[in-house]
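Chemist: quick one: sequence and predicted model below, then my questions.
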Amino acid sequence: MVNVGDAYFKLGEFEKALAYYVEPLRILQNEGRKRSEAVTLKHIAAAQRGLGRLAEAQVNIERSIALVEDDLRDHAGSPELQASFIATLFTFYEFYGDLMMRLHAINQKAGYNLTALAFTERVAGQLCSLEFGTQSWERRQWS
C-alpha cells in the first residue's frame, strides 16, 4: 500500500497518498517495525508538507527522526558502525531542515530558522564525535 501512496505522491495527489500511508503505519506500529515505521512517517510528513499542513508534517518528521535515531542507537553497536548508518539519516535530516525553512518563510518571528540551525549543529557535532570515537549517538529532545 505504501507503494501506491508513493505513486499518488509523485502525481501530486497528496491527499490520496496520505490515505495509502495510514493503514501500513498502523500495521508497522503493531508489529514493532521501527525503521519501516519511521520511513512511513516520513512519507506522511512529505504528503502533509505537499498539502501545506506544515505543523502536522513537523510532528511526523520529528517522530520519524526519533525512531530512526533510536534504531540506530539500539542496533548499530560501535561508533564506527553507527557512523556507517548515518548516510541513511541524511534524507530525514534534509527533510527536517527544508520543513523548518518553509515554516520560517511563513512566520519569520517564530525562530524556525534557529531551530534548523541548532538541529544541523547537533547532527554535525554528533557526527564529529562518532568520527573521533568520543561518544555514541544521543537522543534528540524535541522542544
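Modeler: Yes, it's here. As the structure is a computational prediction, the values presented were derived from the model and not from experiment.

Chemist: quick one, what contacts Gln48?
Modeler: Residues near Gln48 by Cβ atoms under 8 Å, 6 or more residues apart in numbering: 14, 18, 54, 56-57, 60. Quick note: C-beta positions are derived from backbone N, CA and C, even for glycine.

Chemist: same list (those residues) but as JSON lines, adding pLDDT and neighbour count.
Modeler: Formatted as JSON lines, these follow (pLDDT from 0 to 100; neighbours: other Cβ atoms under 10 Å):
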{"residue": "Phe14", "pLDDT": "98", "neighbour count": "19"}
{"residue": "Leu18", "pLDDT": "96", "neighbour count": "21"}
{"residue": "Leu54", "pLDDT": "97", "neighbour count": "19"}
{"residue": "Glu56", "pLDDT": "98", "neighbour count": "16"}
{"residue": "Ala57", "pLDDT": "98", "neighbour count": "24"}
{"residue": "Asn60", "pLDDT": "98", "neighbour count": "24"}
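
Chemist: correct me if wrong: Arg63 contacts Thr40.
Modeler: No. Look at Arg63 against Thr40 with Cβ atoms under 8 Å: they stay out of range, at 10.5 Å.

Chemist: who has more neighbours out of those two?
Modeler: Set side by side, Arg63 and Thr40 show more neighbours around Thr40, with 26 against 17, by other Cβ atoms under 10 Å.

Chemist: count the neighbours of Tyr96 for me.
Modeler: 24.

Chemist: in stretch 54-74, what's buried?
Modeler: 54, 56-72 (16 or more other Cβ atoms under 10 Å).

Chemist: looking at those residues, which are in helices?
Modeler: Judged by DSSP state H, the buried residues of stretch 54-74 include 54, 56-72 as members of helices.

Chemist: and Gln29, what is it in contact with?
Modeler: Glu37.
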